[in-house]
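Chemist: Could you look at this predicted model? Sequence included:
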Amino acid sequence: TPLYSSAASDVYKRQILILAFISILALYWGLNFLHNYNIQIIQGVDIAIKKASYKTLLVGIIPILIFVSSIQRLYPYLIEFKQEFVAKDPLSHFYYSSISRYLVKNKVAQTEQRIAFDLKNKYPQSSFPKPSKNVILITIDALRKDFLPSYGFKEDITPFLDSYLKRNKHVIVKQPLAVCNYTVGGTASILDGCLSDQIGIKNLSLQNYLSHWGYQNNFILSGNHAGFGYMDLLFGNTLNFYQEGTIANHFMTNDDLLIPFTLNKYFEESKRETTANFFWFHLMSVHISSKKQPDFIKYQPSDISMLFSQNKEGLKEGYTNNYMNGILQMDDILKRTLNILEEKNILKNSIIVITSDHGESLGENGIYSHANKLNYDELNIPLIIIDNDLPDSLDISFASQIDIAPTIIDQLRLPIPDDWKGKSILNPSSHYIPLSSSEKDEFGVATPFNNTWIALIKNGTSEQIISIDKNQNIISVEEIPDSIKRKLEVKWDYYFK
């Protein structure tokens with residue numbers, strides 16, 4: 001069953017409604033308890049307080065039992081539906097988080113034991129030379145490619161990145177595409193080399209695979225990854241070093257200064273026993289919730305407070321300026337981070353991938369932020385690969401997030417796992433990429449056509465084929481060859497029906 005099954009969603013909604021109803025009863029009987037306690041003090045009556053206490057204890061046990069049974073039966077849907085239906089209710093969230101985190105953690109441990117066993121049998125280390133090239137993955141939350149000078153943006157907004165690209169061999173993928181418009185799906189698609197509708201605990205991740213080949217995995221992430229779909233647990237147990245915004249001292253959760261600070265600490269304190277390293281850095285500077293340092297508030301006005309008010313006048317300009325200030329800050333964090341790695345001789349032999357988990361709506365059609373309906377701006381991401389060992393004259397037009405892990409492994413001259421659905425961009429082939437919105441009611445399949453992406457989008461009540469570009473035009477079915485139309489329908493049914 002696909003992860004975004006509407007039937008499962010309905011079942012889950014019913015169970016949450018039942019729990020919400022019981023929670024209301026628990027609150028009622030709790031207040032009743034306090035009322036009767038006051039009567040007991042005044043009148044010396046003990047029977048009423050005992051009665052209320054039994055009711056409160058009973059109702060406190062029932063939600064736990066419901067959650068244990070529902071989590072076991074609906075385990076595959078646990079992560080994605082948690083935030084939508086549970087996070088808003090404190091009582092159910094308390095039961096849900098503690099029990100489900102325990103279940104996820106144990107499930108991940110069991111799965112990784114199986115993965116490690118399979119890797120040893122399928123890809124014996126003696127069959128391939130041990131790789132020594134370092135892997136640097138940099139994801140910038142909510143970054144759009146059309147705001148980078150390397151993609152044609154007119155403002156000098158990333159001076160360090162532009163100068164670094166001039167000094168190193170690289171490839172800029174012309175039309176990369178995110179597979180979804182929210183962080184959990186985007187980062188998991190990058191790390192797992194899988195499609196957004198297949199994200200789960202069973203997947204072979206990039207860090208799993210690199211660990212098998214002797215890599216030391218080091219994740220330094222700004223932002224909250226523990227609170228979104230238990231991403232920190234899904235990263236698995238092959239990490240040698242892990243730091244994120246929610247557990248960092250002296251820094252706000254979304255403060256990117258955490259990254260160079262932690263990286264320096266890592267090199268001061270860590271005992272690295274391997275020559276090959278996998279670093280993943282996740283930057284939040286561009287995100288609406290990031291902490292902006294005063295030195296990078298160049299574009300004014302940058303007030304985004306109107307986003308939360310009825311009056312949206314001036315919001316588009318403020319939102320866009322705030323976004324550009326975030327890119328200025330991001331460029332500085334890149335500079336600090338890569339300079340540290342260069343000082344430690346990590347970059348001499350490395351592949352660097354710079355991309356994003358999703359794009360961002362900046363007021364186009366009155367839409368802001370991300371995790372809205374499927375649209376070009378929220379699927380619009382950069383993909384830049386820097387490696388002095390890249391083939392000469394590499395020209396890549398189309399790729400997606402699921403192609404990143406296979407490309408890294410291909411460049412390391414290792415076999416690409418069969419479980420991964422993406423393709424190495426070093427060996428271009430046809431793409432049919434599933435797309436999903438965080439609202440889980442809109443799904444699509446995209447493929448390159450006439451120098452752009454087109455997608456068959458369905459939302460339960462309607463379907464259309466659109467161009468995934470700045471214009472996002474609805475395309476006449478007559479313009480598309482029957483072979484491509486049939487393939488889009490077949491792929492859509494395969495992924496989502």
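Modeler: Yes, it's here.
Chemist: Going by C-alpha atoms from here, please, whenever you check contacts or count neighbours.
Modeler: OK.
Chemist: For the stretch 151-300 of the chain, give me the ranges with low pLDDT.
Modeler: 195-202, 229, 271-274 (pLDDT under 70).
Chemist: For it, which segments count as strands?
Modeler: Using DSSP state E, counting those that start in this stretch, the strands of the stretch 151-300 of the chain run over 170-172, 175-177, 216-221, 239-244, 277-283.
Chemist: How far off centre is the last one?
Modeler: In other words, strand 277-283. 14 Å (C-alpha atoms, centre = their mean, to the nearest Å).
Chemist: Pull it out as CSV, backbone CA atoms only.
Modeler: What follows is strand 277-283 as a C-alpha-only set of coordinates in CSV (Å, rounded to 0.1, in the frame of the first residue of the first chain):
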residue,chain,number,x,y,z
ASN,A,277,34.3,11.0,5.3
PHE,A,278,30.7,11.8,4.5
PHE,A,279,29.6,15.2,5.8
TRP,A,280,26.0,16.4,5.5
PHE,A,281,25.3,20.0,6.3
HIS,A,282,21.8,21.4,6.3
LEU,A,283,21.5,25.2,6.3
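Chemist: Show me what it is packed against.
Modeler: When contacts are defined as 3 or more C-alpha pairs under 8 Å, 6 or more residues apart in numbering; DSSP states H and E, strand 277-283 sits against strand 134-140, strand 216-221.
Chemist: After it, which helix or strand is next? Please name it.
Modeler: helix 315-343 (DSSP states H and E).
Chemist: Take the strands of the stretch 151-300 of the chain and lay them out in TSV including distance to Lys154.
Modeler: Compiled in TSV, these are given as follows (distance: least, C-alpha to C-alpha, whole Å):
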stretch	distance to Lys154
strand 170-172	17
strand 175-177	18
strand 216-221	30
strand 239-244	33
strand 277-283	23
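Chemist: okay, these in a markdown table with mean neighbour count and distance to Ser132 next?
Modeler: Formatted as a markdown table, those follow (neighbours: other C-alpha atoms under 10 Å; distance: least, C-alpha to C-alpha, whole Å):
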| stretch | mean neighbour count | distance to Ser132 |
| --- | --- | --- |
| strand 170-172 | 21 | 19 |
| strand 175-177 | 24 | 28 |
| strand 216-221 | 22 | 11 |
| strand 239-244 | 17 | 17 |
| strand 277-283 | 23 | 8 |
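Chemist: and Gln113, which of the ones you listed is closest to it?
Modeler: Gln113 lies closest to strand 239-244 among the strands of the stretch 151-300 of the chain, at 14.3 Å (C-alpha to C-alpha).
Chemist: Which one of the helices and strands packed on strand 277-283 lies nearest to Ala26?
Modeler: strand 216-221 (39.2 Å).
Chemist: how big is the angle separating the closest one from strand 134-140?
Modeler: Computed by axes from the mean of the first three to the mean of the last three C-alpha atoms, to 10 degrees, the angle separating strand 216-221 from strand 134-140 equals 20 degrees.
Chemist: quick revisit: so for Ile367, which of the strands of the stretch 151-300 of the chain sits nearest?
Modeler: strand 175-177 (19.3 Å).
Chemist: That closest one: how far from the chain's middle?
Modeler: 17 Å.
Chemist: so what does it touch, helix or strand wise?
Modeler: strand 398-400.
Chemist: Give me the residues contacting the strand it packs on.
Modeler: 173-179, 422, 425, 431, 433, 448 (C-alpha atoms under 8 Å, 6 or more residues apart in numbering).
Chemist: Out of those, the closest to Thr275 would be?
Modeler: Ile425 (26.0 Å).
Chemist: part of a helix, is the closest one?
Modeler: No. Under DSSP: H, G, I helix; E, B strand; the rest coil, Ile425 falls outside any helix and is assigned coil.
Chemist: show me what contacts it?
Modeler: 396, 399, 403-404, 407.
Chemist: In JSON lines, list those residues along with distance to Ile304.
Modeler: Putting these into JSON lines (distance: C-alpha to C-alpha, whole Å) gives the following:
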{"residue": "Ile396", "distance to Ile304": "36"}
{"residue": "Ala399", "distance to Ile304": "33"}
{"residue": "Asp403", "distance to Ile304": "35"}
{"residue": "Ile404", "distance to Ile304": "33"}
{"residue": "Thr407", "distance to Ile304": "38"}
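Chemist: ok, these vs Trp213, which is closest?
Modeler: Thr407 (16.1 Å).
Chemist: Pull the residues that contact the helix or strand hosting the closest one.
Modeler: According to DSSP H and E, Thr407 maps onto helix 404-411. Contact with helix 404-411 is made by 135, 190-193, 206, 351, 390, 415-417, 420, 422-426, as judged by C-alpha under 8 Å, 6+ apart.
Chemist: Counting by contacts, list what the helix or strand that that helix is followed by packs against.
Modeler: Per DSSP H and E, the first helix or strand lying C-terminal to helix 404-411 is strand 433-436. On a contact count with 3+ C-alpha pairs under 8 Å, 6+ apart, strand 433-436 meets strand 443-449.
Chemist: What about the residue lying closest to Met252 once chain neighbours are set aside, how many residues nearby?
Modeler: Spatial nearest neighbour of Met252, excluding adjacent residues (C-alpha to C-alpha, 6 or more residues apart in numbering): Gly245 at 6.8 Å. Other residues within reach of Gly245 by the criterion other C-alpha atoms under 10 Å amount to 23.
Chemist: And the one 5 residues further on, by the same measure?
Modeler: His250: 9 surrounding residues under other C-alpha under 10 Å.
Chemist: Ok, Asn311 next?
Modeler: Residues near Asn311, counting by other C-alpha under 10 Å: 9.
Chemist: In TSV: the contacts of strand 398-400, plus distance to Lys130.
Modeler: Compiled in TSV, these are given as follows (distance: C-alpha to C-alpha, whole Å):
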residue	distance to Lys130
Val173	28
Lys174	32
Gln175	33
Pro176	31
Leu177	32
Ala178	32
Val179	32
Gly422	23
Ile425	22
His431	31
Ile433	32
Pro448	36
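Chemist: And those residues, which is closest to Asn254?
Modeler: Nearest to Asn254 out of those is Ala178 (C-alpha to C-alpha; 22.1 Å).
Chemist: which residues sit in contact with the closest one?
Modeler: So Ala178 contacts 186, 357-359, 379-381, 400-401 (C-alpha under 8 Å, 6+ apart).
Chemist: Can you add neighbour count and distance to Gly318 and give the residues you listed back as CSV?
Modeler: Output for these, formatted as CSV (neighbours: other C-alpha atoms under 10 Å; distance: C-alpha to C-alpha, whole Å):
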residue, neighbour count, distance to Gly318
Gly186, 25, 26
Asp357, 30, 23
His358, 31, 21
Gly359, 31, 18
Leu379, 31, 22
Asn380, 27, 21
Ile381, 28, 21
Ser400, 25, 30
Gln401, 31, 30
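Chemist: Among those residues, find me the one that's closest to Thr253.
Modeler: Asp357 (17.8 Å).
Chemist: Relative to Glu317, how far out is the residue nearest to that closest one when sequence neighbours are not counted?
Modeler: Spatial nearest neighbour of Asp357, chain neighbours left out: Gly186 (4.4 Å); criterion: C-alpha to C-alpha, 6+ apart. Taking C-alpha to C-alpha, to the nearest Å as the measure, Gly186 falls 27 Å from Glu317.
Chemist: and what of Pro301?
Modeler: 7 Å.
Chemist: if we can go back for a sec, return the residues in contact with the residue nearest to Asp357.
Modeler: Gly186 touches 178-180, 196, 356-358, 401, counting by C-alpha under 8 Å, 6+ apart.
Chemist: For the helix or strand hosting Ile115, give the mean pLDDT please.
Modeler: Assessed by DSSP H and E, Ile115 sits inside helix 90-122. Throughout helix 90-122, pLDDT has a mean value of 73.
Chemist: got it, and stretch 419-430?
Modeler: pLDDT averaged over stretch 419-430 gives 82.
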